[in-house]
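> Any chance you can model this:
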Amino acid sequence: MCEPPLLSIIVVFFDMVREAERTLYTLSATYQKDVSPEQYEVIAVDNGSAEPLDQQKVESFGSNFHYFFNATESSSPVEIINESVARCRGNLVMIMIDGAHMLSPGIIANALRAFRAFTDPFITVVGFHLGPEIQNSSVSNGYDQQEEDKLLASIDWQDNGYNLFKLSRSLSYDCAGWFGPLMESNCFLLRKESFLRIGGFNPEFTEAGGGLAILDLFYSAVTDPELEYVVLLGEGSFHQFHGGVASNAAYAEHPWERFHDQYEAIKGHPFTVAVRRPFYFGEIQPEATPWSRLCAEVGLKWWEQRDLFGEEVSTDSFGYAMTAARNDQQARSDQAELEQRFYDLQHSYNLLVEKYQRCEQQLNRKTNSFTDKIFELWYRISRENKE
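Sure thing, here's the model as predicted:
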């Protein structure tokens, strides 16, 4: 009997054949760096889709890929995730509640390194939205699956998944990414026994997509004193447009109030963000540097203010702060570009002046030479006439 894998990855799909192919590819050992298929398994759970995934297609991504169709009428995936964790073979688990997310290529290897570096980690990946802005806004401006297909076709993300950072102009929600307090992660990892110890997902979250189940579990994990809260630096999960009930709903139609009503009914209090300083693990690739600079500018300033003024500094201002920082960065970038263009023009002008001076010198030499020859010829003719 073959050895069980170190890691079991559970990813849930619902009516997303288009998105699943890209997501599964980004989970394959062909795409993920520094890992082998023997180290992990991928359990692709189809949660009662009207158009199910093709099992052969799922398993074509590697011998470590497995397909499971959950015949259910429930629109919430929380119970099947709990069941999948309970029966998976790995001692470590990675959970993706929304299968529309593509991953950057260092997540699995860096997560396995983090499991070796920490005793009992809760490892989180920061989420981004593909497209020109957060998809709750871009959907109102014509962004859809066809536009996203064109966007993804414009870069070589298959060979270098870090290029996905170039296609994203928004985090999944108002936060400061790697450097601020997070409230959720669509891709997180922890030990199987730790997931079971904290109770997994609360099955009372019955709203579509689980409602605020992911926020509830994230809060429980971050506030658990036995878990070491770790953020993977320079890695991300990238949400594809798929008509999601919350992630792709225009703000006017967003189900947050309904989701939050259920949260309050279950928990007995409003949702709040758990504020805890994380450990940082990983490396920042060149493609992620602009995002890292932006997130650090806002996030580290927030922590500084929090240290000075305490809980009165809330997380509510991140949306405005990130917008202001991005605009400021853009203004600085535009100024730097104008300055560079000026220096380029000045350099080109100097080169033209030097070229003109060389041409003038050459012309003067040729003119002088020609004049000398004329005088010499005139002198000869004069002498011949005298003779």
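> Show me which residues of the strand or helix carrying Ala20 are buried.
Assigned by DSSP states H and E, Ala20 belongs to helix 17-26. Buried residues in helix 17-26, counted by 16 or more other CB atoms under 10 Å: Glu19, Ala20, Arg22, Thr23, Leu24, Tyr25, Thr26. C-betas here are computed from N, CA, C, even on glycine.
> Reformat the residues you listed as CSV; add pLDDT.
Written out in CSV, the entries for the buried residues of helix 17-26 read as follows (pLDDT from 0 to 100):
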residue, pLDDT
Glu19, 97
Ala20, 97
Arg22, 98
Thr23, 98
Leu24, 98
Tyr25, 98
Thr26, 98
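> which residues touch Ser154?
Shown in contact with Ser154 (CB atoms under 8 Å, 6 or more residues apart in numbering): Leu167.
> Tell me how many other residues surround Pro276.
Careful, residue 276 is Arg and not Pro. Arg276: 14 surrounding residues under other CB atoms under 10 Å.
> for the helix holding Ala20, packing partners?
Helices and strands touching helix 17-26, by 3 or more CB pairs under 8 Å, 6 or more residues apart in numbering; DSSP states H and E, are strand 7-13, strand 40-46, helix 55-59, strand 101-103.
> among these, which is nearest Ile155?
Closest approach to Ile155 among the helices and strands packed on helix 17-26 is made by strand 101-103 (12.3 Å; CB to CB).
> Partner strands of the closest one, with direction?
Paired strands of strand 101-103, with direction, are strand 228-239 (antiparallel) (DSSP bridges).
> Mind checking the helices and strands packed on helix 17-26 for the one nearest to Ile80?
Of all the helices and strands packed on helix 17-26, strand 40-46 sits nearest to Ile80, with 5.8 Å by CB to CB.
> Neighbouring strands - and their directions - for the closest one?
Assessed with DSSP bridges, strand 40-46 is paired to strand 7-13 (parallel), strand 65-69 (parallel).
> closest to Thr289 out of those strands?
That would be strand 7-13 among the strands paired with strand 40-46, by CB to CB, at 27.6 Å.
> Now that closest one - C-alpha only, CSV.
Backbone C-alpha positions of strand 7-13 (Å, rounded to 0.1, in the frame of the first residue of the first chain) are rendered in CSV as follows:
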residue,chain,number,x,y,z
LEU,A,7,-0.8,17.2,2.5
SER,A,8,-4.4,16.8,1.5
ILE,A,9,-5.8,19.7,-0.5
ILE,A,10,-9.6,20.1,-0.5
VAL,A,11,-11.0,22.4,-3.1
VAL,A,12,-14.8,22.9,-3.7
PHE,A,13,-16.4,23.6,-7.0
